[in-house]
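Undergrad: predicted model, plus sequence, below.
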Amino acid sequence: MWLLFFILFFFPLAPAQAEQSKPDFLSGIHQRSAGQVSGEKGIKLLQEGKYEEALKALSRSINLMPGEARVYYDCGLTRIHLGQYDRAIEDFSLAIAARPSDAPSYYWRGLLYGRKGHFDRETENYSKALSLDPSLPQKDHFVISFKGESHIGREMEGHTRAMAADPMNPWASYIRGIAYRLFGQYRLAIADLSRSIELDPNSTWTFYHRAAAWTATGRDDQAVADYERVLTKDPNLPWAYYRRGLILARQGNHGRAIEDFSRAFAADSNYSWAYYNRGVAYRMTGRWEKALADLNKAAAIDPSYPGTYFHRGLVHFHLGHRAQENEDMKKAVYLGSQAARQWVKEKKGDR
């Protein structure tokens, strides 16, 4: 203390230096204080769901005191709510750079990578998060609904956790792929199921579920190719024949569709829906008697489906069975068939 007094007494700062050092010191304190206030304001706005305002406050906090991991993290959470996933990844990366042990930032960055289809990065980040905090996914304040995916977030965490725990286990990718498919997230389902196939190319059911996902995205050729792989491995699966038959019929290949529906019956005689589909395919190829036989069976199995009566009515029309045609079309209209309603309207107009 006396040494400091001696130095200041005999070697005082020049007036300009003294005046300059005081404001700089106070300016730094004031700046950090303002940054903290702005950060706290941003967190409050985030909790209130005012995301645009929260982002402005948090961005100001970052400008005033750069390098604060918590502020970058909160900024990343805010951007998730706004659907700004790429920018959120950047914020979580900055949080990790500022604090390498920031498990929540690894966690969210991993989930974001997964939603962008970068599953290797997702697993890597999620594994790091779990190594830092094994209980992380169970913490309610980390559960945020992704924009447009509010019904998925919590459901998918368990599957992602399983993948992180054992990245080389094809079953984990398979299960999450099926879950994505059930949630209607077909692109993500295809990515997970493809990953599972890479790990285990002999899994019949993985090809089957991927084929269904291809179909849902309108990529029928890829779906047919996967169904063919399924049937090569197990030629007795009625589901594969039936679904491939649906695609072939939609493509106008009714001859091959009939073959597939017939094979579905051969594999499982109780596969009743194939009667309707095969009956329609027979009608499209002009095989009226066979079409009538299948549609009669379909009507007996499910008497409430309007499409059966509409198509059977068309068969009766071509066979010249006017009374049966009118009866079936009337029944189809009663059950809600717009096609039958239009048919009846046009026939009345022709009279």
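TA: Received it, and whenever you're ready, just let me know what you need. Residues are numbered from 1 along each chain as shown.

Undergrad: CA atoms only: put stretch 173-190 into CSV for me.
TA: Extracted in CSV, the C-alpha atoms of stretch 173-190 (Å, rounded to 0.1, in the frame of the first residue of the first chain):
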residue,chain,number,x,y,z
SER,A,173,-31.8,-46.2,-36.8
TYR,A,174,-34.6,-48.6,-37.9
ILE,A,175,-36.8,-47.8,-35.0
ARG,A,176,-36.4,-44.0,-35.3
GLY,A,177,-37.0,-44.3,-39.1
ILE,A,178,-40.3,-46.0,-38.5
ALA,A,179,-41.2,-43.3,-35.9
TYR,A,180,-40.5,-40.6,-38.4
ARG,A,181,-42.6,-42.4,-41.0
LEU,A,182,-45.5,-42.6,-38.6
PHE,A,183,-45.2,-38.9,-37.9
GLY,A,184,-45.2,-38.1,-41.7
GLN,A,185,-41.6,-37.0,-41.7
TYR,A,186,-40.8,-39.1,-44.8
ARG,A,187,-37.5,-37.5,-45.8
LEU,A,188,-36.1,-38.1,-42.3
ALA,A,189,-37.5,-41.6,-42.3
ILE,A,190,-35.8,-42.5,-45.5
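
Undergrad: quick one: mean pLDDT for it?
TA: For stretch 173-190, mean pLDDT is 83.

Undergrad: mind listing what's buried in it?
TA: 173-181, 185-186, 188-190 (16 or more other CB atoms under 10 Å). To be clear about C-beta, it is placed using only N, CA and C from the backbone, and glycine gets the same treatment.

Undergrad: do stretch 121-137 as well
TA: Neighbour count says stretch 121-137 has 121-130, 132-133, 136-137 buried, by 16+ other CB under 10 Å.

Undergrad: after the host helix or strand of His316 comes which helix or strand?
TA: For His316, the host element (DSSP states H and E) is helix 306-319. Later in the chain than helix 306-319, the nearest helix or strand by DSSP H and E is helix 322-334.

Undergrad: I figured Asn236 was touching Arg263, is that so?
TA: No. If you go by CB atoms under 8 Å, Asn236 and Arg263 don't touch, sitting 9.3 Å apart.

Undergrad: the two: who's more crowded?
TA: Shown here are Asn236 and Arg263; by other CB atoms under 10 Å, Arg263 has more neighbours (22 against 11).

Undergrad: give me phi/psi at Asp200?
TA: Main-chain dihedrals, Asp200, degrees, to the nearest 10: phi -150, psi 90.

Undergrad: residue closest to the middle of this protein?
TA: What sits nearest the mean C-alpha location of the chain, by CA atoms, centre = their mean, is Gln185, with 2.6 Å.

Undergrad: distance of that one relative to Thr206?
TA: 17 Å (CB to CB, to the nearest Å).

Undergrad: per-residue confidence at Ser140?
TA: Not quite, residue 140 is Asp, not Ser. Looking at Asp140, its pLDDT stands at 36.

Undergrad: next one: Ser105
TA: So Ser105 comes in at 90 (pLDDT).

Undergrad: please apply the same query to Gln342.
TA: pLDDT for Gln342: 91.

Undergrad: and it, how far from Ser304?
TA: 21 Å.
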